[in-house]
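[1] this one's sequence-less:
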DNA sequence: TATTGTTATACTCTATAACTATA
DNA sequence: TATAGTTATAGAGTATAACAATA
C-alpha cells in the first residue's frame, strides 16, 4: 500500500470503516421504515427521554447533538408537529425554550428503540463471543472518548 | 431499561453507536477540509484506484457503493469536472460507460488517503493495544459480513 | 452588548421518472 | 423488450445570516 500503515493496521481500519458504514446504513433504514425518523430525530427523542420531565434547553441540545441551532429548530418542529415533543418557555430564563418528550412520544420512542436494538442485536451483538463483546465495549468507549 | 437488553450488551451497543457516529463525523470533516470531498466521492476514488487501468462500469460502481445510478452520475460528474476521473464508452458494450481514475486523481487520492489514515490512526489505531486491535479486526469483519 | 431561538434563504445530496441509445 | 446511463425535477436536511426578544 505504501501509505505508512501496516497490513495488520489496515485490516482493523478496513473492518472498522466497513462495519460502521454498513451499520449506520442499516440503522438509518430501520428508523425510517419503523417511524419515518432520521438519526438526528431519534437522538433528540433519546436525549429528551433521558432528561425526563426536566426537559432540555434548545441551545444545550444543539451542542449535545453537534448540530446548528437552526437545524435543531427544523427537526424539533417536525417532531412537535407529530405530537411527540413539546416546546415551552424556560421558567428561569425568558429567552430559553425547553423541549420535552410527550407521553405519546415516549411510547413511540420505546417501540422504535426496541426495533433499533433488534437491528443492533442481529448485526452486532449476536455475532460476538462474550469475551469479544467485553473487549469491544471497553476499546470502543476509549475511541469515543478520544473523538469527543 | 426494560428493553430486553442486558447492561453488558447495552454498554457494547452504546460504545459502538457513539464511536462509529463520532468517527464518521471526523472522517467526513477531514475529507471535506482536505479536498472538499464527500464520503461517496472518496469511495468512488478508492474503488477506481483499486481497479487500475481497467476502470469500472457505472452500473457496477453504483451497485458496489449502494447508491442510485442518477446519484452516481451526479458525483462522478463532480469528480470529472475536477479532472480526477474520466468516462469513456465501453469497448465491448456500446451502452456502457467505464469510469477511470486519472494520474492527477490518483495523486490527489493518495494524498487524501494518507490524511484520512492519520485521522483513523489518531482516533482509533493509537488507542488500541495490539491484542485489542486483532480482536476488533476479526470481530468487526464478521459484523461487516453479516450486514452485507 | 451578548445570548437565545426562529425564520428566510441557499446549497448539497439523493432519488424517481422520463428519455435516448444500444443489446 | 430489456438494459445502461443521463437529465429534469423535486424533496429532505443542513448551515449562514438576519431578526426579535430577553439578559
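    Done, it's in. Everything quoted here is computed from the prediction, not taken from an experiment.
[2] Flag the shaky bits of chain A, pLDDT-wise.
    Scanning chain A for pLDDT under 70 picks out A:1-3.
[3] residues in it within reach of DNA strand C, list them.
    A:57-60, A:62, A:69-70, A:72-74, A:76-77, A:87, A:90, A:93, A:95-98 (Cβ under 7 Å from any atom of the strand). From N, CA and C alone the C-beta is placed, and that goes for glycine too.
[4] how does it look with 6 Å?
    A:57-59, A:69-70, A:73, A:87, A:95-97 (Cβ under 6 Å from any atom of the strand).
[5] Generate a PyMOL selection restricted to the buried subset of the residues you listed.
    To isolate the buried ones among these in PyMOL, judged by 16 or more other Cβ atoms under 10 Å in any protein chain shown, type:
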select buried, chain A and resi 57+58+97
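[6] Let me know the closest of the residues of chain A next to DNA strand C to DNA strand D.
    Lowest distance from DNA strand D to the residues of chain A next to DNA strand C (Cβ to the nearest atom of the strand) belongs to residue A:70, with 3.1 Å.
[7] Show the contacting residues for the residue nearest in space to the middle of chain A.
    Chain A has residue A:43 as the residue nearest its centroid, 4.0 Å off, counting by Cα atoms, centre = their mean. Applying Cβ atoms under 8 Å, 6 or more residues apart in numbering or on different chains to residue A:43 gives the contacts residue A:65.
[8] quick one: it from residue A:136, how far?
    Distance check for residue A:43 against residue A:136: by Cβ to Cβ, to the nearest Å, it reads 22 Å.
[9] The lengthiest helix in chain A vs helix B:7-35, what angle?
    The residue-count maximum for a helix in chain A (DSSP state H) belongs to helix A:7-35. For helix A:7-35 against helix B:7-35, the angle by axes from the mean of the first three to the mean of the last three Cα atoms, to 10 degrees is 110 degrees.
[10] before we move on, which element is the residue nearest to the centre of chain A in?
    helix A:39-51 (DSSP states H and E).
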